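A.B. asks: coords below, sequence missing:
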């Protein structure tokens, strides 16, 4: 039988795509067994896939990238992990995983491969041992306060153009989880001490912050109740996240170091887990020497509402250069589900398919240099970089940013769709209303140039519950007080808007030093488990029977503020410019 060469080529391409999908799913599911964890709602990329929902410490929630408004020539990345951190969630609170690597990746030549990668890994300093369950045993006034019994440090490494990783910070301080005003009477000082400026101009912050994402999550209840009646409630108000913020000069991430000729970059974050993790009868963990990617995030809401359920875990394991080889994913961009749901529930006609406008927003960047692009402007595709080889360009899902777009003094929450070219989807600022922008985009606002009036109000949550700062790291301080029972009204600085009747005033009080007077306790359950990459952070060891027989004996010690310690081992001999 004679085979047409074109048909044979298409068959080979189909086989390769199928093999890539099978491999991706296999990697994602390899260690799913024995994974345990809490179950809550999802938002942006909070708990967007089944497996990350059971491993919150590695769950990328949101990525922001924008030109630093107060520092010309620099851009800021803000990446968040571990969703729905209830401020009162002690006694262990919310550490970064010590067997994971947290990455920010940048592609500047459009081949969907990282040209710059910034990697953070973490180490615990735990002084509790067998003596106490407390996170702190007195007021904490500095990062290295003796009363802070558990803290973390990070190592920051970077790699450019495929070169080996080079250490930039060996033991940087992580701002602790905010226990409360009695334990941490001046949390702003702790944040300042966890903000580091490196030679060459980089700024780094790692620690807890208020979750900056704002939306009404009742979108999943048949799109806001089926009649837009379920809107106006900021579901994430009062919750915290773990934040990594990095500020670097344009020249470190632009193609050939030239942001004037090549201003467009693509950004995504990933988390890598040790491929195999084992915990023996002694409780000492052993882990493999290699890692596997278990979480990924570029644009907000993609894995939630674009990728179908059976591909969500696979998407988290894929590198962007594989995206265009997965027909099932591409079809969900060109023929999305959400407009059909809106048409069914609200009667607003879905735009005609295939949706090349969404291809530009999610896969290529907005440019006139693609043959079918309906958005006639050169905004944020790497194809607009003068030194890019167009033959190597690969459509891929990532957050794209044009560094040359002027900073506006009056940001519009609807970004590009409402005439503010510096806003999402050209990068993403903290104040950009991602949900309302996404709803307008899927309804065709980008290709028509007109907002859809019927959805103009969106979810009626137009700003974060806490104000952002004008300077690095920009995010609001972590919340204190319970999210339930009215505690979500507390502002990021720890001052509640009002004290509801019957609720204790959470305003800062003199902080006592506390010593356990005694308690009864017993350990139950067998801690020994054998786990693979995904299961580790969800190990449940049944701790029960902690019955307090007495309260705390209070004694006051003078409050002292220790200066921030120097960060040791910042690499002085780096060959790559900072």
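C.D. replies: Thanks, I have the structure now. All values derive from a computational prediction rather than experimental measurement.
A.B. asks: all contacts plus neighbour counts: C-alpha atoms, from now on.
C.D. replies: Noted.
A.B. asks: Where do the helices of this structure begin and end?
C.D. replies: 5-29, 187-193, 222-223, 302-305, 312-317, 327-334, 338-346, 356-359, 434-442, 445-448 (DSSP state H).
A.B. asks: Pick out the shakiest of these, pLDDT-wise.
C.D. replies: When those are compared on mean pLDDT, helix 5-29 scores lowest, with a mean of 40.
A.B. asks: Now do the nearest residue to residue 197 once chain neighbours are set aside, the pLDDT please.
C.D. replies: Distance criterion CA to CA, 6 or more residues apart in numbering; nearest residue to residue 197, sequence neighbours excluded, is residue 203 at 4.5 Å. Residue 203 carries a pLDDT score of 98 in this model.
A.B. asks: quick one: average confidence on stretch 371-385?
C.D. replies: 89.
A.B. asks: mind listing what's buried in that stretch?
C.D. replies: Residues 373, 374, 375, 379, 380, 381, 382, 383, 384, 385 are the ones in stretch 371-385 that count as buried (16 or more other CA atoms under 10 Å).
A.B. asks: would you turn these into a markdown table with distance to residue 69?
C.D. replies: Supplementary listing: the buried residues of stretch 371-385 in a markdown table, determined by distance: CA to CA, whole Å:
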| residue | distance to residue 69 |
| --- | --- |
| 373 | 31 |
| 374 | 31 |
| 375 | 27 |
| 379 | 19 |
| 380 | 19 |
| 381 | 22 |
| 382 | 23 |
| 383 | 26 |
| 384 | 23 |
| 385 | 23 |
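A.B. asks: Pick the one among those residues closest to residue 106.
C.D. replies: residue 382 (11.4 Å; CA to CA).
A.B. asks: I'd say the closest one and residue 267 touch.
C.D. replies: No. Using CA atoms under 8 Å, residue 382 makes no contact with residue 267, being 11.4 Å away.
A.B. asks: low-scoring pLDDT stretches of the stretch 451-578 of the chain, where are they?
C.D. replies: 486-578 (pLDDT under 70).
A.B. asks: swap the cut-off to 90 and go again
C.D. replies: 452, 454-457, 481-482, 484-578 (pLDDT under 90).
A.B. asks: Excluding chain neighbours, what is closest to the residue nearest to the spatial centre of the chain?
C.D. replies: Central residue of the chain (CA atoms, centre = their mean): residue 80, 2.9 Å from the mean position. Leaving out its chain neighbours, the residue that sits closest to residue 80 by CA to CA, 6+ apart is residue 243, at 4.5 Å.
A.B. asks: Run a quick neighbour tally on that neighbour.
C.D. replies: 27 (other CA atoms under 10 Å).
A.B. asks: repeat for the one 10 residues further on
C.D. replies: Counted with other CA under 10 Å, the neighbours of residue 253 add up to 26.
A.B. asks: do the same with residue 133
C.D. replies: The burial count for residue 133: 14, using other CA under 10 Å.
A.B. asks: check contacts around it.
C.D. replies: Residue 133 makes contact with residue 91, according to CA atoms under 8 Å, 6 or more residues apart in numbering.
A.B. asks: From residue 418, how far off is it?
C.D. replies: 52 Å (CA to CA, to the nearest Å).
A.B. asks: Residue 460 reaches residue 232, doesn't it?
C.D. replies: Yes. Using CA under 8 Å, residue 460 is in contact with residue 232, at 4.5 Å.
A.B. asks: Could you tell me which residues touch both of those two?
C.D. replies: Common neighbours of residue 460 and residue 232 (CA under 8 Å, 6+ apart) are residue 216.
A.B. asks: all strands of the stretch 351-500 of the chain, in order?
C.D. replies: Counting by DSSP state E, counting those that start in this stretch, the segments of the stretch 351-500 of the chain that form strands are 399-402.
A.B. asks: Now do stretch 108-127: distance from first to last residue.
C.D. replies: Stretch 108-127 end-to-end distance (CA to CA) = 44 Å.
A.B. asks: That one: which residues count as buried?
C.D. replies: 108-123, 127.
A.B. asks: same check, this time on stretch 404-417
C.D. replies: Buried-residue list, stretch 404-417, by 16+ other CA under 10 Å: 404, 405, 407, 411, 412, 413, 414, 415, 416, 417.
A.B. asks: Can you add pLDDT and give these back as CSV?
C.D. replies: Below are the buried residues of stretch 404-417 laid out as CSV (pLDDT from 0 to 100):
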residue, pLDDT
404, 97
405, 96
407, 94
411, 94
412, 95
413, 96
414, 95
415, 94
416, 94
417, 91
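A.B. asks: got a pLDDT number for the residue lying closest to residue 401 once chain neighbours are set aside?
C.D. replies: Closest residue to residue 401 apart from its sequence neighbours, by CA to CA, 6+ apart: residue 427 at 4.4 Å. Residue 427 carries a pLDDT score of 97 in this model.
A.B. asks: Any chance of the backbone angles for residue 427?
C.D. replies: phi 70, psi -170 (degrees, to the nearest 10).
A.B. asks: Count the residues that sit near the closest residue to residue 296 other than its chain neighbours.
C.D. replies: Leaving aside its sequence neighbours, residue 296 sits nearest to residue 270 (CA to CA, 6+ apart; 4.3 Å). By other CA under 10 Å, the residues close to residue 270 number 24.
A.B. asks: what's the answer for residue 160, then?
C.D. replies: So residue 160, with other CA under 10 Å, has 18 neighbours.
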